[in-house]
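Engineer: no FASTA, just this:
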């Protein structure tokens, strides 16, 4: 094989490299018991750089990308699984997707389905708008993010949504989300793909 062919093959391999989603990066490292500082040292980068990569604030390139992919694959990451989960939820891998400004990631959706699978619906309460509080989302960003993700799941049939104005909640909105059979099937598929219980 010529030197040019080697370079072309390397370029083709690297162009196919997709890191795990930010929510999965740290979990993969921790699952195999590797400290962040130790991994950063082995990659010849500062720990702060690794933590930015894990949070999705920085995307590696070149040799760093190749070495991180080798590590994540050794830790159990499989790009095909991730692509299948994106397809399941109607997302395009590598394309950021937001609902009302909230990033939608597969790991967050699976976590919500897992919580609902225990038989209790997730109830979210939005307090009534008051002085200095936005009428669009009256509660904390956490409430808004969780509500956006749950609404995303409900619109795709993975859970149901019911609720309305709650007089006991000072006129705020209370909404209840319960998993559907499609949601249970998606969770089962994800557990099979990721080797979970």
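Structural biologist: Yep, it's here. Since this is a predicted model, take the numbers as computed values, not measurements. Numbering: from 1, shown residues only.
Engineer: in this protein, which spans are helices?
Structural biologist: Using DSSP state H, the helices of the chain run over residues 3-15, 22-31, 36-43, 47-55, 62-74, 79-89, 106-116, 141-155, 181-194.
Engineer: let me have those helices in CSV, adding distance to residue 164 and mean pLDDT as columns.
Structural biologist: Quick note: C-beta positions are derived from backbone N, CA and C, even for glycine. Output for those, formatted as CSV (distance: least, C-beta to C-beta, whole Å; pLDDT from 0 to 100):
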stretch, distance to residue 164, mean pLDDT
helix 3-15, 50, 63
helix 22-31, 32, 82
helix 36-43, 45, 95
helix 47-55, 37, 92
helix 62-74, 44, 86
helix 79-89, 27, 68
helix 106-116, 20, 85
helix 141-155, 14, 81
helix 181-194, 22, 80
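Engineer: show me what contacts residue 177?
Structural biologist: When contacts are counted by C-beta atoms under 8 Å, 6 or more residues apart in numbering, residue 177 is found next to 112, 116, 121-124, 150, 153-154, 159-161.
Engineer: residue 43 contacts residue 69, correct?
Structural biologist: No: contact status for residue 43 versus residue 69: not in contact, 11.6 Å apart, counting by C-beta atoms under 8 Å.
Engineer: more neighbours, those two?
Structural biologist: Here residue 43 and residue 69 are set side by side on neighbour count (other C-beta atoms under 10 Å), and the busier one is residue 69, at 20 against 17.
Engineer: for the contacts of residue 177, work out which two are farthest apart.
Structural biologist: Pairwise distances across the contacts of residue 177 (C-beta to C-beta) peak at 14.7 Å, for the pair 123 and 153.
Engineer: those two - which one has more neighbours?
Structural biologist: For residue 123 and residue 153, the more surrounded residue by other C-beta under 10 Å is residue 153, and the numbers stand at 27 against 11.
Engineer: if we ignore the residues flanking it in sequence, what's nearest that one?
Structural biologist: residue 159 (4.8 Å; C-beta to C-beta, 6 or more residues apart in numbering).
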